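[1] Okay, structure incoming, though there's no sequence with it:
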């Protein structure tokens, strides 16, 4: 019996822009068979056609993966994920046995009430596996099909669990705001004095540009903290639970991120508008009065992309952190 070549199915499944770089990988055929062999060794009870495995890997290929010549992949995790997308008999049971406990870990870290744990776990399962398809055919939905094999599947599952739980916490908490380019200029907060309202209207365009530039200067964690609080409506206890830190530490992190944003915006406006010392106090008050609305406009609604969780929830931030 002739051994099939895996190179062509692998390249055909990969995104078009990545195929040339993948095709230049030395001994690509041998590397693909190694991936299949390692997956089969880890899950001998799950029989998957080798071509289906490399097609699954190819669909999630990236330029970074091509540059690394497929090094860094986790074949065992990829093989099981592939089996789950194919609805292979025994695959979901194996996943439940070896990986779903990661959901319990994630929910415990977030201090989810025991009465809600079961419901959240069911939502995680739906998010991972619900889709069309029949046995032996790929599902048409389900986050498990997005797993790319470049990180630990256990941590990836924890990310899905955290994102699902956050989506539940968001319900009913976010304000519905109009997406209007003139929102800042038109919105007057109760209690504004005439000078502040005048400045908001006069410097609306300059403020938007300065705020956007300042926000881009913040680190990923600072942006995430601000989005959790101002867009998603999470309080400091809930934020502290996500990062496993004391609520006082969560408050300090949040206030520090906000102050960095305010100061950077002020510095940019001062330079662009050539404001004098007498005007800086009014500009500072204007920035503080608009920060919530501006964060909602710039950071938008919640993301449902698992890749975002990997950025937001770094492993070091999910470890115990002493209160400060």
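    Structure received. Just so we're clear, the structure is a prediction, and the values are computed from it rather than from any experiment.
[2] Let me see the mean pLDDT of stretch 235-255.
    Average pLDDT, stretch 235-255: 84.
[3] Pull out the buried positions in it.
    235-236, 238-243, 245-246, 249-251, 253-254 (16 or more other Cβ atoms under 10 Å). Heads up, the C-betas are built off the backbone N, CA and C, glycines and all.
[4] who does the one helix or strand residue 40 maps to touch, helix- and strand-wise?
    Applying DSSP states H and E as the criterion places residue 40 in helix 28-42. Where contact means 3 or more Cβ pairs under 8 Å, 6 or more residues apart in numbering; DSSP states H and E, helix 28-42 is packed against helix 7-13, helix 50-59, helix 75-85.
[5] what mean pLDDT would you report for the longest one?
    Model confidence over helix 75-85 averages 95 on the pLDDT scale.
[6] What residues of the helix or strand following it count as buried?
    Downstream of helix 75-85, the next assigned helix or strand under DSSP H and E is helix 91-98. Within helix 91-98, the residues that count as buried by 16+ other Cβ under 10 Å are 91-92, 94-95.
[7] just stretch 59-67 next, same as before
    59-62, 65-66.
[8] Could you export those residues to JSON lines, including columns for distance to residue 34 and pLDDT?
    As requested, these are arranged in JSON lines below (distance: Cβ to Cβ, whole Å; pLDDT from 0 to 100):
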{"residue": "59", "distance to residue 34": "19", "pLDDT": "94"}
{"residue": "60", "distance to residue 34": "18", "pLDDT": "90"}
{"residue": "61", "distance to residue 34": "16", "pLDDT": "92"}
{"residue": "62", "distance to residue 34": "19", "pLDDT": "90"}
{"residue": "65", "distance to residue 34": "15", "pLDDT": "88"}
{"residue": "66", "distance to residue 34": "17", "pLDDT": "90"}
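[9] wait, which of these is closest to residue 285?
    residue 62 (45.8 Å; Cβ to Cβ).
[10] wait, the closest one sits on residue 18?
    Yes. In this structure residue 62 lies within contact range of residue 18 using Cβ atoms under 8 Å: 6.6 Å.
[11] Where does pLDDT dip in this structure?
    For the chain, applying pLDDT under 70 flags the ranges 1-2, 110-111, 131-141, 169-203, 232-233, 275-279, 300-324.
[12] what element comes up after the single longest helix found in the chain heading to the C-terminus?
    Ranked by residue count under DSSP state H, the longest helix found in the chain is helix 247-273. Sequence order places helix 277-299 as the next helix or strand after helix 247-273, per DSSP H and E.
[13] between that next one and helix 247-273, what angle do the directions make?
    For helix 277-299 and helix 247-273, the angle between their directions (axes from the mean of the first three to the mean of the last three Cα atoms, to 10 degrees) works out to 120 degrees.
[14] for helix 277-299, the distance to its chain's centre please.
    28 Å (Cα atoms, centre = their mean, to the nearest Å).
[15] Could you do stretch 16-31 as well?
    Using Cα atoms, centre = their mean, the offset of stretch 16-31 from its chain centre is 28 Å.
[16] quick one: buried residues of that stretch?
    For stretch 16-31, a neighbour-count test (16+ other Cβ under 10 Å) marks 18-19, 21-22, 25, 28, 31 as buried.
[17] Just send those residues back as JSON lines, with secondary structure too.
    Putting these into JSON lines (DSSP: H, G, I helix; E, B strand; the rest coil) gives the following:
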{"residue": "18", "secondary structure": "coil"}
{"residue": "19", "secondary structure": "helix"}
{"residue": "21", "secondary structure": "helix"}
{"residue": "22", "secondary structure": "helix"}
{"residue": "25", "secondary structure": "coil"}
{"residue": "28", "secondary structure": "helix"}
{"residue": "31", "secondary structure": "helix"}
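[18] and which of these is nearest to residue 41?
    Out of the buried residues of stretch 16-31, the member with the shortest distance to residue 41 (by Cβ to Cβ) is residue 31, at 15.8 Å.
[19] which residues does the closest one contact?
    25, 69-70 (Cβ atoms under 8 Å, 6 or more residues apart in numbering).
[20] With distance to residue 84 as extra columns, can I get the residues you listed in CSV?
    Converted to CSV, the contacts of residue 31 look like this (distance: Cβ to Cβ, whole Å):
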residue, distance to residue 84
25, 27
69, 27
70, 21
